[in-house]
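Undergrad: Take this sequence and fold it.
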Amino acid sequence: MKTLVSCLLVCAFIFGGCATKKFTVNSTPQGANLFYNNSIVGKTPSKQTGKFSRTKDSYRFRLSMEGYNDTTFFVYQKPKDLVEYDLTLTKREVVEMNLVSYEPLLTAAGIRLSRVVKRSRAYIEDIERSPNVRGVTRLTNVTDTVTQIGAIDVSPLGDYLVYSMYGFDNNINVSNIWKQKIGPNMQTRLTFGRKSDLFPAFSGNGKYVYFSSNRITPNAQIWRISVDGGGGITKITSSQNEDYFANSDPENKIIVYNSKSNDGGEPQIWTISSSGNLPTQLREGEFPVLSPDGNRIAFIRQNKNNLVIEDGVEFYPKQIWMMSIDGSNETILTQNNDYNCFQPRWSPDGKYIVYVSDQGRDNQGVRNNDIWIMDLEGGQKTQLTTNGSWDDFPVWNFKDNFIYFRSNRGGNWNIWRFSPSL
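TA: Alright, predicted model coming up:
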């Protein structure tokens, strides 16, 4: 495509006249957009003509192409015989993406699960080179940078995934629950409406999906829906607190969940019967998950005695704890002073916990969320994923030996899975 810069650039100083120079811009690979003053003036290879004067002796151009870093260069009047500009584009290795989460924050209306947008790093290369995993496979096909998958879970029967999907409806933040059959990439919407349906989790028998929602009250409560979408939606909790992140024991008799009150205190772990009776407060903590036998709860708690400042950011490290179903025998499983361990999930036999940690760093030396595994008997901790992108929400499929997780590797948020090679 031939475009004349002289049509866009006007000589500002005319006493001595203007000198013109015809030149060609090439790039490797070809087909890059050529910009001047943030407007496209051609596509490589692009033939251009520039006018030069005493006050205009150069032009600044930019080459831009999907998947490559932008390249800026200048065209000068001299030497006049330099008329071929050959530039090699470098592949983009890392991009920054929005990371959407819902957190219990203090608002004018009290504690509410509020939409929080942060930044995360994603590596364009989606290859996993860790020797501790095999069979890494993408299961969803999100191709835009606006849509984001939230928390995920896999049925104990091993046939379906459920996850929240964040989006907008007439500029209103919404989140609904979707399910997907493992194998074919076929999605089915389980919940509807312009509300926040969050943190879906299958019941222990695989018949229901528990989730948190503000669909009736301003504060979030725990709800239940049949996995086939029939039979209506049942409300489980009725407190004035913000209730979220629920899951049940294998027989679907006891539900464990988080609750945070408006008094500004720390989140508390509660249990309640599947019929909504006998709510019981256990201990301070977040994101509780019941063990396969229903006798233990893994959860996280911040170490408020150890303030860490890194790269100008202050935080209290998150640690993984374990306790009995009645709140007794509390034990810390991870002990560190400068990094986070969170989102624990049990292995099918209850001997391991898979979790997320930013203990490792990517190849640019930046702390990075990866999937790790912990041996409860030996205490050994092993890093599973090493891609460099943001990996989180791991969950173990009880039917096979796959671990499912969310990742922005490749530049989009999708669900992936692998088999641990341990």
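Undergrad: Enumerate every residue touching the residue nearest to Asn368 when sequence neighbours are not counted.
TA: Excluding the flanking residues, the one nearest Asn368 by Cβ to Cβ, 6 or more residues apart in numbering is Asp362, at 4.6 Å. C-betas here are computed from N, CA, C, even on glycine. Contact analysis of Asp362 by Cβ atoms under 8 Å, 6 or more residues apart in numbering lists 121, 123, 368, 388.
Undergrad: One more: Arg134?
TA: Residues in contact with Arg134 (Cβ under 8 Å, 6+ apart) are 418-419, 421.
Undergrad: any idea which helix or strand carries the residue nearest the centre of the chain?
TA: Closest residue to the average C-alpha location of the chain: Leu99 at 5.2 Å, with Cα atoms, centre = their mean. Leu99 belongs to strand 94-107 when assigned by DSSP states H and E.
Undergrad: Which elements pack onto that strand?
TA: strand 110-123, strand 148-154, strand 242-248 (3 or more Cβ pairs under 8 Å, 6 or more residues apart in numbering; DSSP states H and E).
Undergrad: The same query, at a cut-off of 6 Å, please.
TA: Secondary-structure packing of strand 94-107 (3 or more Cβ pairs under 6 Å, 6 or more residues apart in numbering; DSSP states H and E): strand 110-123.
Undergrad: how about the strand it packs on: buried residues?
TA: For strand 110-123, the neighbour count (16 or more other Cβ atoms under 10 Å) marks 110-113, 120-123 as buried.
Undergrad: which of these lies closest to Phe315?
TA: Ser120 (15.6 Å; Cβ to Cβ).
Undergrad: Against Ile222, how distant is the closest one?
TA: Note on Ser120: its distance to Ile222, by Cβ to Cβ, to the nearest Å, is 28 Å.
Undergrad: Thr334 - nearest residue in space that isn't next to it in sequence?
TA: Cys341 (4.2 Å).
Undergrad: ok, how many other residues are close to that neighbour?
TA: Neighbours of Cys341 under the rule other Cβ atoms under 10 Å: 23.
Undergrad: Equivalent analysis for Arg215, please.
TA: For Arg215, the neighbour count with other Cβ under 10 Å is 18.
Undergrad: ok, now the one 5 residues further on?
TA: Taking other Cβ under 10 Å as the criterion, the count of residues near Ala220 is 30.
Undergrad: For Ser259, see how far away it is.
TA: Distance check for Ala220 against Ser259: by Cβ to Cβ, it reads 10 Å.
Undergrad: do the same with Pro45
TA: Distance of Pro45 to Ser259, computed by Cβ to Cβ: 63 Å.
Undergrad: Show the pLDDT at Phe13.
TA: On pLDDT, Phe13 comes in at 31.
Undergrad: Check Gly265 too.
TA: Predicted confidence (pLDDT) for Gly265: 86.
Undergrad: got it, and Thr145?
TA: pLDDT, Thr145: 79.
Undergrad: The one 5 residues further on now?
TA: Per-residue pLDDT puts Gly150 at 96.
Undergrad: what helix or strand is the closest residue to it other than its chain neighbours on?
TA: For Gly150, ignoring the flanking residues on the chain, the nearest one in space by Cβ to Cβ, 6+ apart is Ser164 at 3.6 Å. For Ser164, the element it lies in under DSSP H and E is strand 160-169.
Undergrad: List the buried residues of that strand.
TA: For strand 160-169, by 16+ other Cβ under 10 Å, it's 160-166.
Undergrad: from those residues, which is closest to Thr49?
TA: Nearest to Thr49 among the buried residues of strand 160-169 is Tyr166, at 48.6 Å by Cβ to Cβ.
Undergrad: how much space between the closest one and Ile172?
TA: For Tyr166 relative to Ile172 (Cβ to Cβ), the value is 12 Å.
Undergrad: What separates the first and last residues of stretch 231-246, distance-wise?
TA: Chord length of stretch 231-246, first to last residue, is 20 Å (Cα to Cα, to the nearest Å).
Undergrad: residues contacting the nearest residue to Gly67 once chain neighbours are set aside?
TA: Closest residue in space to Gly67, ignoring its immediate chain neighbours: Arg92 at 5.8 Å, by Cβ to Cβ, 6+ apart. Arg92 makes contact with 67-69, 124 under the criterion Cβ atoms under 6 Å, 6 or more residues apart in numbering.
Undergrad: Reformat those as JSON lines; add neighbour count, distance to Leu333 and pLDDT.
TA: JSON lines is the format used below for the contacts of Arg92 (neighbours: other Cβ atoms under 10 Å; distance: Cβ to Cβ, whole Å; pLDDT from 0 to 100):
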{"residue": "Gly67", "neighbour count": "11", "distance to Leu333": "41", "pLDDT": "82"}
{"residue": "Tyr68", "neighbour count": "17", "distance to Leu333": "44", "pLDDT": "90"}
{"residue": "Asn69", "neighbour count": "12", "distance to Leu333": "42", "pLDDT": "90"}
{"residue": "Ile124", "neighbour count": "15", "distance to Leu333": "35", "pLDDT": "92"}
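Undergrad: Assign Arg194 to helix, strand or coil.
TA: At Arg194, secondary structure determined by DSSP: H, G, I helix; E, B strand; the rest coil is coil.
Undergrad: shift numbering so it begins at 7
TA: All right, first residue 7 from here; so that's Arg200.
Undergrad: Against Gln341, how distant is it?
TA: Counting by Cβ to Cβ, the gap from Arg200 to Gln341 is 43 Å.
Undergrad: What of Gly189?
TA: To Gln341, Gly189 is 40 Å away according to Cβ to Cβ.
Undergrad: and Gly212, how far is that from Val160?
TA: Applying Cβ to Cβ, the value for Gly212 to Val160 is 10 Å.
Undergrad: Looking at those two, which has the bigger crowd around it?
TA: Applying other Cβ under 10 Å to Gly212 and Val160 shows that Val160 carries more neighbours, namely 27 against 18.
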